[in-house]
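Visitor: Please work out how this folds:
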Amino acid sequence: MSQPAPDAIDYADLARRIKAWGRELGFQQIGITDVDLADAERRLLDWLAAGYHGEMDYMARHGSRRSRPAELEPGTLRVISVRLDYWPEPAADSRAVLEDPIRAFISRYALGRDYHKLLRKRLQKLAARIEQAIGPFGYRAFTDSAPVLEKPLAQRAGLGWIGKHTNLINARAGSWFFLGELYTDLPLPVDNPADNHCGDCRACIDVCPTGAIIAPYTLDARRCISYLTIELHGPIPEALRPLLGNHIYGCDDCQLVCPWNRFSQPTPETDFLPRHGLDAAALIELFGWDEATFLRRTEGSPIRRIGHQRWLRNLAVALGNAPPEAAITEALAARLEHPSPLVREHVEWALENLGVSPEAARMTGVQAGKWARNS
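Guide: The predicted structure is shown next:
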């Protein structure tokens, strides 16, 4: 990183202008912090040592570069942290969808366009504004795209505090927002860290369907529905499948009950609004998508990252947790001979969970096929 002559810049004034420019670009809040993450590093190492990261090997792969910004990007002195609201309501009411076992619940952040490119482009625009004002300087933009401890950085930058569910909470905006960072070599004045306001509340702990929040501020990702439906590549542990309910991509339960989210406002970003009716789609409809349809309907969406096989895996589990209706049994039976062993395993489990043997379902499928050919 290369830094302008320090005497030529009023850094306090520059920090004020950076925040104004950020708001003009659509960020709801901008904060600045130093790079001291010693406490967060200790917590991360303890979390990794306990194995709570599951198969997310990338959490340990980069060593101390995740918690020491100057090792990841040499010369980094400050981090400009930003937040961008994504709450898509009014859409289909989240709780109503969760309570309807034949509907698919998708984490609200994933209903619209993937945030990575949008957020990164805006961070680049912010860097360009700074460069226009002071000349070339060292920076690098991040949006959940590299080993960055974004939540501890955001807390130190005053954007909110890390709640008991391990998400960042803002006292005026709740937790429905994305985070991004601009690592920089500019010696900007830093903001005060945010105070914790969770108090005695344990709503997020009590509501977690799988008991993944094993203690305040400690998440065992191996039990987390977001991990199981997005990060996990293999079979979902059988003991946890009934607990997933109709969650097919991520989980928002802990955020939906957080009292601070009464202050959340709908996002002004049209890119984050629901597409293809995914805010309240029927499980059977989504389970019927072939791979080409899946790729077409999830183009530009974060959902595409799990691929069609895991999409079907997740939907099979949700269908297995639905009421034992003939249409659901028939939909599952149609996937019993899927070429993927992963899909077949979860389809068979779903049928058995509905009280239907896979063998009987196969026979039903054969008879239905004969009827269709003869009609």
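
Visitor: Am I right that V35 is in contact with G75?
Guide: No - applying Cβ atoms under 8 Å as the test, V35 and G75 come out as separate, 10.6 Å apart. Every residue, glycine included, has its C-beta placed from N, CA and C.

Visitor: With neighbour numbers in mind, choose between these two.
Guide: Just comparing V35 and G75: by other Cβ atoms under 10 Å the higher neighbour count belongs to V35, 19 against 15.

Visitor: Surely P136 is within a helix?
Guide: No - according to DSSP: H, G, I helix; E, B strand; the rest coil, P136 belongs to no helix; its state is coil.

Visitor: which phi and psi does it have?
Guide: Backbone torsions for P136, taken as degrees, to the nearest 10, come to phi -60, psi 140.

Visitor: Next, work out how far apart it and L25 are.
Guide: Plainly put, P136 is 20 Å away from L25 if you go by Cβ to Cβ, to the nearest Å.

Visitor: which of the two has more neighbours?
Guide: More neighbours surround L25 than the other of P136 and L25, with 16 against 10 (other Cβ under 10 Å).

Visitor: tell me the contacts of the more buried one?
Guide: R122, K125, L126, R129 (Cβ atoms under 8 Å, 6 or more residues apart in numbering).

Visitor: Now do the third one against G26, distance only.
Guide: With distances taken as Cβ to Cβ, L126 is found 10 Å from G26.

Visitor: what about these two, which has more around it?
Guide: L126 (23 against 16).

Visitor: shouldn't the more buried one be in contact with G22?
Guide: Yes - proximity of L126 to G22 meets the contact threshold set by Cβ under 8 Å, at 5.7 Å.

Visitor: Now do the shared contacts for those two.
Guide: I80, V82.

Visitor: Now do the strands in the stretch 51-200 of the chain.
Guide: 78-85, 105-106, 139-142, 161-162, 168-169, 177-184 (DSSP state E, counting those that start in this stretch).

Visitor: which non-adjacent residue is nearest H53?
Guide: For H53, ignoring the flanking residues on the chain, the nearest one in space by Cβ to Cβ, 6 or more residues apart in numbering is M59 at 4.5 Å.

Visitor: what does P235 give?
Guide: Spatial nearest neighbour of P235, chain neighbours left out: E345 (5.9 Å); criterion: Cβ to Cβ, 6+ apart.

Visitor: That neighbour: how many residues sit nearby?
Guide: Residue neighbour count, defined by other Cβ under 10 Å, stands at 17 for E345.

Visitor: start at 34 instead
Guide: With the count now opening at 34, the last piece we talked about shows up as E378.

Visitor: does it count as helix, strand or coil?
Guide: Secondary structure assignment for E378 (three-state DSSP): helix.

Visitor: could you check the distance from it over to V389?
Guide: Where V389 is concerned, E378 sits at a distance of 16 Å (Cβ to Cβ).

Visitor: now do P226
Guide: 55 Å.

Visitor: So between the two, which is more surrounded?
Guide: The neighbour comparison of P226 against V389 (other Cβ under 10 Å) goes to V389, with 20 against 17.

Visitor: Skip the chain neighbours and tell me the closest residue to the more buried one.
Guide: Excluding the flanking residues, the one nearest V389 by Cβ to Cβ, 6+ apart is T362, at 5.4 Å.

Visitor: And for that neighbour, the neighbour number?
Guide: 20.

Visitor: Would you list the phi and psi of it?
Guide: The phi/psi pair for T362 (degrees, to the nearest 10) is phi -60, psi -40.

Visitor: mind showing which ranges of this structure have poor pLDDT?
Guide: 34-40, 123-125, 397-408 (pLDDT under 70).
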